[in-house]
Every structure is written in structure tokens, then in C-alpha cells.
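Novice: prediction below, plus the sequence it came from.
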Amino acid sequence: MEAELVRLREAPFRGCDPTDPQQLAATAKAFARAEEARQVVARAKPETEAVKDQLSKATTVAAQLNTWFVENAEKLHIQDVNSTPSAYVQRLLETCMQQSEALGA
């Protein structure tokens with residue numbers, strides 16, 4: 001998206017017939033929408049970073065909790081350590097973390 005914005009800024013009316021008011025208006029409208037989208041993304045970036053930080057901390061805690069369950073599985077009579085609630089939460093948080101990293105990229 002950023003590359004498209006750069007391209008539009010450098011030549012916003014390239015390929016547009018300068019004598020056609022409808023084409024000019026449509027191109028200007030598209031440029032305005034792209035700029036508005038860029039601003040929305042820029043405003044959301046700090047919040048996205050905060051969410052990533054919180055997810056990272058939660059993922060670390062979930063991994064520690066799950067490690068405890070794995071280490072104590074025999075005492076707790078856990079047959080499948082991959083099916084515990086802590087293992088599920090750890091996998092879920094890791095997936096969320098991956099998605100938030102993709103969103104922040």
C-alpha cells in the first residue's frame with residue numbers, strides 16, 4: 001500500500017486525460033481515499049504496537065504456565081499435555097501474536 005501511495009504522490013494524474021473532467025475527478029477522489037487510508041493506518045500503528053507488546057507478555061506467561069503443566073503432568077495425571085487448557089491458550093496466543101505481527105508489517 002505504501003508503494004502505491006508513493007506512486008500516486010509522484011504522478012497522481014498519470015494516464016489520465018487532462019481534458020476529461022470526469023477522469024480528473026475520479027483520479028483525485030481515488031488519491032484522496034488512498035491518502036485517507038494511509039492516515040488511518042498511521043493513527044492505528046501505536047495501538048497495534050501496544051497490542052503486540054501485551055500479546056508478547058501474555059504469550060510468555062502462557063508458555064511458562066504450560067511448561068509447568070508439562071513438567072508436572074505425571075503428578076497431575078495428565079495423559080496428553082497438548083490438550084490442556086494452558087496448551088490451548090498458548091497456541092491461541094501464539095497465533096494471535098503472528099497475526100498482529102503481520103498486521104503491523
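Specialist: Good, I have the coordinates.

Novice: just say helix, strand or coil for the residue located most distally from the centre of the chain.
Specialist: Centroid-distance maximum for the chain: Thr19 at 41.6 Å, with CA atoms, centre = their mean. Thr19 carries the three-state label coil when classified by DSSP: H, G, I helix; E, B strand; the rest coil.

Novice: report how many residues lie close to Ala87.
Specialist: Here the number of neighbours of Ala87 (other CB atoms under 10 Å) works out to 19. All C-beta atoms are positioned from the backbone trio N, CA, C, and that covers glycine.

Novice: so it touches Phe69, yeah?
Specialist: Yes - the pair Ala87 / Phe69 is scored as a contact, 7.3 Å apart, by CB atoms under 8 Å.

Novice: tell me who's in contact with the residue farthest from the centre of the chain.
Specialist: Residues near Thr19 by CB atoms under 8 Å, 6 or more residues apart in numbering: none.

Novice: how much space between it and Ala25?
Specialist: 13 Å (CB to CB, to the nearest Å).

Novice: again with Val40
Specialist: Counting by CB to CB, the gap from Val40 to Ala25 is 23 Å.

Novice: which non-adjacent residue is nearest Asn72?
Specialist: Leaving aside its sequence neighbours, Asn72 sits nearest to Ile78 (CB to CB, 6 or more residues apart in numbering; 8.0 Å).

Novice: ok, that neighbour to Glu71 distance?
Specialist: For Ile78, the distance to Glu71 (CB to CB) stands at 11 Å.

Novice: between these two, who's got more neighbours?
Specialist: Neighbours per residue, other CB under 10 Å: of Ile78 and Glu71, the larger number sits with Ile78, 15 against 11.

Novice: okay, and the common contacts of Ala87 and Phe69?
Specialist: Common contact partners of Ala87 and Phe69 (CB under 8 Å, 6+ apart): Val81.
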